[in-house]
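# Fold the following and give me the result.
(chains A and B)
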Amino acid sequence: MKKYIHYLVAGLFLVAVASCKKSTNLDIPNPNVPDESNFWQTSNDALLGLNAVYGNFYRNGAPYSRWLPFYMDVRSDDGYSTSGWNELRSISGLNITQYSFEVNYDTWWHHWRGVYRANQVIAKVPAISMDAALKARYIGEAKFLRALYYYDLVTIWGNVPLILVPSQPSDKPSQSTPEQVWAQIENDLIESAAVLPPSYNGDELGRATTGAAYGLLGRVYLQQKKYTQAIDALKWLIDGAGQPLYDLVVFENNFRHTTENNRESVFEVQFKQRPENGGDDGPTSNVGTSRAPFFAPPGHGFTDANMHRWVVHEFLKEQTVAGTRDPRLAITALYDSTDERGPDFSQVYGSSFTSKNYDNNIKNRVWYRKYLDDYFRINDFEVFNSPVNFRVIRFADVLLMYAEALNALGRTAEAYAHVDRVRERAGLRKLSVSMPGLNQAQFLQQLMHERITELSGESLRWNDLARWGYFDDAAKLAELKARDPEFDNFVIGRNKYMPIPQVEIDINPNLKQNPGWN
Amino acid sequence: MKQKRRLFKFTISMAVAILFGLGAFAQRVISGTLKSPTGEPLSGATITIKGTNKSAVADSKGVFTIDAAEGSTLVISSVGYKTREVAATGTAFNETLEAAEGTLTDVVVIGYQTVRRKDLTGAVSVINTAQSNRNVASTVAESIQGLAAGVTVRNSGAPGAGAKIDIRGAGTFANNNPLYIIDGMYSDATPDFNPNDIESIQILKDASAAAIYGSRAANGVIIITTKKGKEGPMVISGGIKAGTQQFHKRYQMMDNNEYRALAQQLFIAGNNPVPTILTTDFNPAINTNWQNEFMRTGNIQDYNLALSGGSSTANYYVSGSYFKNKGPVIDNLFERGSLRVNTSGKRGRFSFGENMLLSYTRDNPIAGDIFTNPFVDIITMIPVIPLKDQAVYGSATNPDGWGIGLNNSYVNTLAANVPSLQSLQRNNQYNFKIRGNVFADFRIITGLTYKFNVGAETSFDRFKGFRRPGTTRQGTPSPVATADENRGNFRSFLYEHTLNFDKAFGSHKIAAVAGFSNQTFENEILTGQKTGFVPDANGNYILTNLNQGQNPITTSFTDKWNIVGFLGRVNYTYSDRYLASLTFRRDGSSLFGPSYRWGNFPSASVAWRVSRESFFSSKLINDLKVRASYGSLGNSEFLRPWQYFGSINPFPRAVFGANEVEQLGATNTRLANANLRWETKKTTNIGIDAVLLNNRLNITAEYFIAKTNDVLVDLPISLTTGNAGGSPPVNAASLKNTGFELAVTYKSTPSRVFKWDATINFTSIRNKVTSFGDTTTKYTQVGDARTQIGRSIGEWYVLKTGGIFQSQAEIDGYKNKDGNLIQPWAKPGDLKYIDSDGDGLLNTDRDRVYAGSPWAKFEMGFLFNVSYKNFSLSMQWYTVVGNKLYNRPRYQVDRMDQNNNFRKGANPWTPQNTNTDFPRAAIGAPDQGIQFNVLPQTDRWLESGSYLRLRNIELGYSIPKNYLGKIGFTSTRIYISGQNLLTFTKYTGLDPDITGVNIFERGLDNGQYPALRILSAGINFGF
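Numbers count the residues shown, from 1 in each chain, chains lettered A, B, ... in the order given. So this is what the prediction gives:
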């Protein structure tokens, strides 16, 4: 009997020890996702990493989705907010006190997420052994995207750190000067312009091209008033090697999902409607834009943003050659007279303005119409997954920027032709016919009008105002106040830049809050 | 039988041989058998010869042998029994010991070993399970609030929700949950556990007590032992309890007319059009009380039945239970059914046993989404909107016509219709769990036992959710009809080999254990979702399974991790006076990278029973012991598997091309720290145990210092890193908790008719952050709470208000030394803010100051039991004193710049109404003064969280046997009980017992499901 017991005990031990081999293993492979120790190895990894940089465009605070228009359009003198959400309204109201509230937080954060993703590609892809041309292109695309993110960062917050390598959790960077950031943006764009292809075919359409890099580089130079360099960059699209690729198209085709990536398009964020719209990166990630609900009129959206009526009057200052109203007005503004014949004919998502029975307060409002889905969501509420690509740079803007740079260098006569192209598309008389011989200052004043009528609602206005000195000069500021009472809250030296989210200052003592916001 | 006898003899002879071998001076061998009053053998009883150091220990049959001189006296003592003195006459006798009244002789399970309470050298609390079972609780943690010093429990009232438990404060930023050891299986006390099955609960609080559990024990250990059968015929016992459950408090909100008047005033003040629902379209008949629409009287039902019994060699305990809690809000339910089978048996040198639990739970939680906290929205939603009105609110996206804000001039509000969400979203979580262990003991020689213990826990989780289309809040689009089904399977296996050695050598007693423990964990989740389900002709969704619908999405993931540990402990006792214990554990965990996997966790403790010294003689003091311990424990609770590498997020997508092809993307999105290592907690504990006044007064006092180094924390990192998906864990801080605990129990002199006892627990803990990982970090700010070196975790860090400016003169007079106005934008009626840093500017960052701590200065439990004849009354009080809470729901309704409902009596400042605490308010004004009046980061929203609560009161009556004997009942007790009947607090929220949002915002009431009032009655019986 005892013997058996001993055998039994010995057996138990053996079984236990054998069973332990697997269970005592402390090196368990992760079956769920790759990790950094086995990624960034192949050409496909490089492509996945690059696509993830583009993928950041679908987040709410990323450029040209939900929130950026509140900074670039609604905050400007052409827009105002009537949002019931006090904090959201305060961006437009120029009197933000909650620096870390969702919108300012997400916009700041999602831009840095883009920078981090781009930095990974720029840092990791060079070591991958793969086709050299493709490698150069991937890195070029990543640099273009990084430049695009930094352009927003430096124009919205002004004083931002310059982060160019993949982040470590303990990083607490200090701010660089805006000049350093601008220099880096220029650098990235010059490098990417050199390696990006002029165009793509088929399923690659929508990636950054040479023209996109030069277009953005031109914008970057112009914003810094480096006019000669701006001309050099934009020239590539207008009468350089890129000339055959670009032209103006039917105006409204710039704001519809059925006519995307057309000849006027220099760079677009590619949006697509899918039924699910999960907020963050996940299997149901949204790849549409959630902008429209915030801009749509009552009954179709939250109506957080309105356009000032003076913008409408800007269009009405001049008639077309044919004696009709500027056709761009109906595309730009949704209001009681989007249709010239008035509220009975103006369509709001498929039914007449009159039929909406808006009360007096609402009847007088004007809404931004570009990028609304009102042309296909008939009688419907806007959703967070609009398919309309955002035209970050379109050729009309390139022409107007070019004209502005030429004029700034005293080459006003040369500038006329480029403005005329834009005006002719709208059916207006050539400027060289209707206003010949403008001096430099007059021409700039006219350009401001041209940009309002052509580009309102395309997230360019705030930086236009900044470039034209409206934020640094009390007399000019007075003009803004006259057009938009929200500017009564504008303090010179403070409101040009947004406050950095307070949580960020709390985490990183090396960051200094922007002047005036402490 | 023959075999058994032979083994028995073998045991006796072995014991005798060992005794002889140790050189005992044999004069005469006395042997005997010791039994309890119920006939159980008293294994482990100590037999000493009075006046000598000679002693023996009874074996598992209660049999002992000792040699004693003629005429000497044997002192027989056993844990839990009254000590007896017997004259050593004859050579064999049987003794029955009476159960002891005191607790000193209780056996305390300390992990792989048991000791008598009086032999404890570490800090251990023993819960009175009779007391804890009085509470209706879905988890063990909830049931022990206020019952043990040093143990802080914070409740959520949500049916089926767990409570938060801190043992001796928060020593980590992670989940501070203690380790639960249930019948030897490492586990957690989830709501699947039937509290009626619990025989005992012991809480190991200091390092020396918990060190045997090494890297798992830093948050303390709760050891739960479930009931076992006792020798004798089958005993059937059971209980039925039923009761009602409701919120003990509601917010007093405005009715339609009050709201209408104030809202009109605020819209006009903000220069905004008044919604027509308040003017031309006002309907006095609509006066919705959203709290009434959401809340109801819930109920609980609890049924238990247990069969137990056994022979001298085997016993069984089988119990079944069903618990159902219909929650106190609509569409809210939790139910649990469980079956437990505990058996054990002996055969020769072997003993075997198993404990097994099968449990099933269903949880139908309240529906919420990322935008909706029901406990906020029921007070913000305005009373002029009806619950439902198809004619006004019905639309394609709101097919049921739920009342919500309409995006036009009729009515705008961002508050949600909470009942609509409850109706539109159906979620059910089902869980089936098997948990248990099987062990085999082999007695190699007397005093040396090998044990093999296998524990297993597996659970099958199933989630089914269906969301019908329908808008629940203005501006939030209706989702398409969506069905979710998730399956989870958790598996954990524990393998343990231990050797126990237990031996007395004269006055020296050694109890030692050494072993190997290893546990594996695997958690698999599979999720499926489809959308676009189609209703039938009547608009009902019948077909809601995943074989319907479109756009299938599936995901799955597996988490796996292993822990390996070597353990050892030696307890040494000399002459019952000097006690020492040394413990060592070495653990390896797969949660760390290869270079940081192993950690060593030693501890030591000593105790001196002063009262056993010959010089000590006191009539007053029956027993006095002083103890000290020091030890180190590990912690990795914070980590999930594979966090030491940055993982690649496979989900980013990018769209390209005319055909809008979604191209795959992948990149790192969540940063990682590669050098993650063990958190270590070093605890020093000093304790005194005293028994006075004829064993009627028990006092235990403890002082401890616990320092945790390398605390793992997901310290928020800079957004400029681009990190997403959660901050990466890092060993970034040191914490120190210092505390004092006192437990005092007094029992009246036993008498037949009248008995009473009372217990007070007192706990005071100071929590301090002593370092943060890198040189530039001095604090972390989460929400409005800041955690800074030199202070407690999560102290409130806000602007200070200084009343309301009553006039322009006051504003003009609020100047800095340069004569500039500090609040130039202010208007009369606006809040004055204190320029705390004195720089002459109001700065929403720099002028924040510390304004209170979420940590209680002290907390206290008070228990009182009294019985008179067949009646018994017990009361349990609990108090928390000195903490500050942030009342976020109040912020939402008092800010008054959005169209919400308001609290009754709210009256913002106007030139005509200056005698008020509410500053000037307006809806929708682009006015800087209003912006500052609604700042969330101010002390205006902080409130005292102190409270005193009658946690439980129970009145019981035992029906005399002679009434029930006829139907065979041997004991019957009926009772009525009330839980949370009285709460004394100044806190204006629903309940001051707040679990907090996370460790850094521990004092934030974010609209938490409040603790509930329960009235119940029940019957317990046995036959």
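
# Indicate the residue of chain A located nearest to chain B.
A:Y116 (2.5 Å; CB to the nearest CB). For every residue, glycine as well, the C-beta is placed using N, CA and C.

# Tell me the pLDDT of that residue.
Note on A:Y116: pLDDT of 97.

# excluding its backbone neighbours, what's nearest it?
Excluding the flanking residues, the one nearest A:Y116 by CB to CB, 6 or more residues apart in numbering or on different chains is B:G722, at 2.5 Å.

# burial of the one you found, as a residue count?
Neighbour count for B:G722, taken as other CB atoms under 10 Å in any protein chain shown: 28.

# ok, the closest residue to A:L431 other than its chain neighbours to A:V250 distance?
Among residues not flanking A:L431 along the chain, A:V419 sits closest, at 5.0 Å (CB to CB, 6+ apart). Remark: distance between A:V419 and A:V250 (CB to CB, to the nearest Å) = 19 Å.

# what do you get for B:F442?
In terms of CB to CB, B:F442 sits 90 Å off from A:V250.

# Neighbour count for these two, which is higher?
Neighbours were counted for B:F442 and for A:V250 using other CB under 10 Å; B:F442 has more, 19 against 13.

# so that one is in which element?
strand B:425-445 (DSSP states H and E).

# Give me the buried positions along whatever helix or strand comes next after that strand.
Moving toward the C-terminus from strand B:425-445, the next helix or strand (DSSP H and E) is strand B:448-467. By 16 or more other CB atoms under 10 Å in any protein chain shown, the buried positions in strand B:448-467 come out as B:449-457, B:459, B:461, B:463-467.

# Which members of the residues you listed define the maximum pairwise distance?
B:T449 and B:R467 (57.0 Å; CB to CB).

# can you pull the pLDDT of the one residue in chain B that gets nearest to chain A?
Nearest residue of chain B to chain A, counting by CB to the nearest CB: B:G722, 2.5 Å away. Model confidence at B:G722, expressed as pLDDT, equals 94.

# quick one, what contacts it?
Going by CB atoms under 8 Å, 6 or more residues apart in numbering or on different chains, B:G722 touches A:112-117, A:119, A:163, A:167.

# redo that, cut-off 6 Å
A:112-113, A:115-116, A:167 (CB atoms under 6 Å, 6 or more residues apart in numbering or on different chains).

# same deal with B:Y868?
B:F754.

# Read off the pLDDT value for it.
88.

# Stretch A:137-154 near chain B anywhere?
No - using CB under 6 Å from any CB of the partner chain, stretch A:137-154 never reaches chain B; the gap is at least 9.5 Å.

# Return the distance of that stretch from the chain's centre.
12 Å (CA atoms, centre = their mean, to the nearest Å).

# ok, B:G488 - how many residues close by?
That count, for B:G488 with other CB under 10 Å as the rule, works out to 16.

# pretty sure it is in a strand, no?
Yes - checked against DSSP: H, G, I helix; E, B strand; the rest coil, B:G488 lies within a strand.

# What sits closest to it if chain neighbours are left out?
Leaving aside its chain neighbours, B:G488 sits nearest to B:D461 (3.7 Å; criterion: CB to CB, 6+ apart).

# Hmm, the one you found is touching B:F432, no?
No - using CB atoms under 6 Å as the test, B:D461 is too far from B:F432 to be in contact (7.9 Å).

# who does the residue nearest to B:G488 bridge with?
Here B:D461 sits in beta bridges with B:N431, B:G488, going by DSSP bridges.

# so what pLDDT did it get?
93.

# pLDDT below threshold where in chain A?
Residue ranges of chain A with pLDDT under 70: A:1-21, A:275-279.

# Would you check how far apart the residue nearest to B:G488 and B:N489 are?
7 Å.

# Also B:P284?
56 Å.

# again with A:M498
Taking CB to CB, one finds A:M498 at 48 Å from B:N489.

# again with A:D336
From A:D336 to B:N489 the distance is 61 Å (CB to CB).

# In terms of neighbours, single out the busier of the two.
Set A:D336 next to B:N489 and count neighbours by other CB under 10 Å: A:D336 wins out with 20 against 15.

# Assess the claim that that one and A:S352 are in contact.
No - applying CB under 6 Å, one finds A:D336 not in contact with A:S352, separated by 9.9 Å.

# who's in contact with residue 312?
Because you didn't say which chain, this covers chain A. A:333, A:366.

# my bad, the chain I had in mind was chain B
So B:S312 contacts B:E231 (CB under 6 Å, 6+ apart).

# mind checking how far it is from B:A440?
19 Å.

# The residue lying closest to A:Q184 once chain neighbours are set aside: neighbour count?
In space, and not counting its chain neighbours, A:Q184 is closest to A:L162: 5.7 Å by CB to CB, 6+ apart. Number of residues near A:L162 (other CB under 10 Å) recorded here: 19.

# A:Q175 is in contact with A:L162, correct?
No - contact criterion CB under 6 Å: A:L162 and A:Q175 do not qualify, at 8.3 Å.

# now the residue nearest to A:Q184, what's its secondary structure?
A:L162 is classified as coil under three-state DSSP.

# swap in B:V376?
Quick answer, by three-state DSSP: B:V376 is helix.

# Touching, it and B:Q892? I think so.
Yes - the criterion here is CB under 6 Å, and B:V376 meets it with B:Q892 at 5.4 Å.

# Give the bridge partners for B:W796, please.
Beta-bridge partners of B:W796, as defined by DSSP bridges: B:A785.

# which stretches of the stretch 601-750 of chain B form strands?
B:621-635, B:648-649, B:653-656, B:661-664, B:667-668, B:679-692, B:697-713, B:730-747 (DSSP state E, counting those that start in this stretch).

# Most tightly packed of those strands?
Most buried of these by mean neighbour count (mean count of other CB atoms under 10 Å in any protein chain shown) is strand B:667-668; its value is a mean of 29.

# Run the chain-centre distance for that one.
36 Å.

# Please save the CA atoms from stretch B:224-240 in PDB.
What follows is stretch B:224-240, C-alpha atoms only, in PDB (Å, rounded to 0.1, in the frame of the first residue of the first chain):
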ATOM      1  CA  ILE B 224     -12.700  34.200   2.100                       C
ATOM      2  CA  THR B 225     -13.400  30.700   3.300                       C
ATOM      3  CA  THR B 226     -16.700  29.200   2.400                       C
ATOM      4  CA  LYS B 227     -18.800  26.900   4.600                       C
ATOM      5  CA  LYS B 228     -18.000  23.300   5.100                       C
ATOM      6  CA  GLY B 229     -20.200  20.500   6.300                       C
ATOM      7  CA  LYS B 230     -19.900  19.400   9.900                       C
ATOM      8  CA  GLU B 231     -20.000  15.900  11.200                       C
ATOM      9  CA  GLY B 232     -23.500  14.700  11.900                       C
ATOM     10  CA  PRO B 233     -26.800  14.200  10.200                       C
ATOM     11  CA  MET B 234     -27.800  16.400   7.400                       C
ATOM     12  CA  VAL B 235     -28.600  19.900   8.400                       C
ATOM     13  CA  ILE B 236     -30.900  21.900   6.200                       C
ATOM     14  CA  SER B 237     -30.800  25.700   6.500                       C
ATOM     15  CA  GLY B 238     -32.200  28.400   4.500                       C
ATOM     16  CA  GLY B 239     -33.400  31.900   4.200                       C
ATOM     17  CA  ILE B 240     -35.700  34.100   2.300                       C
END
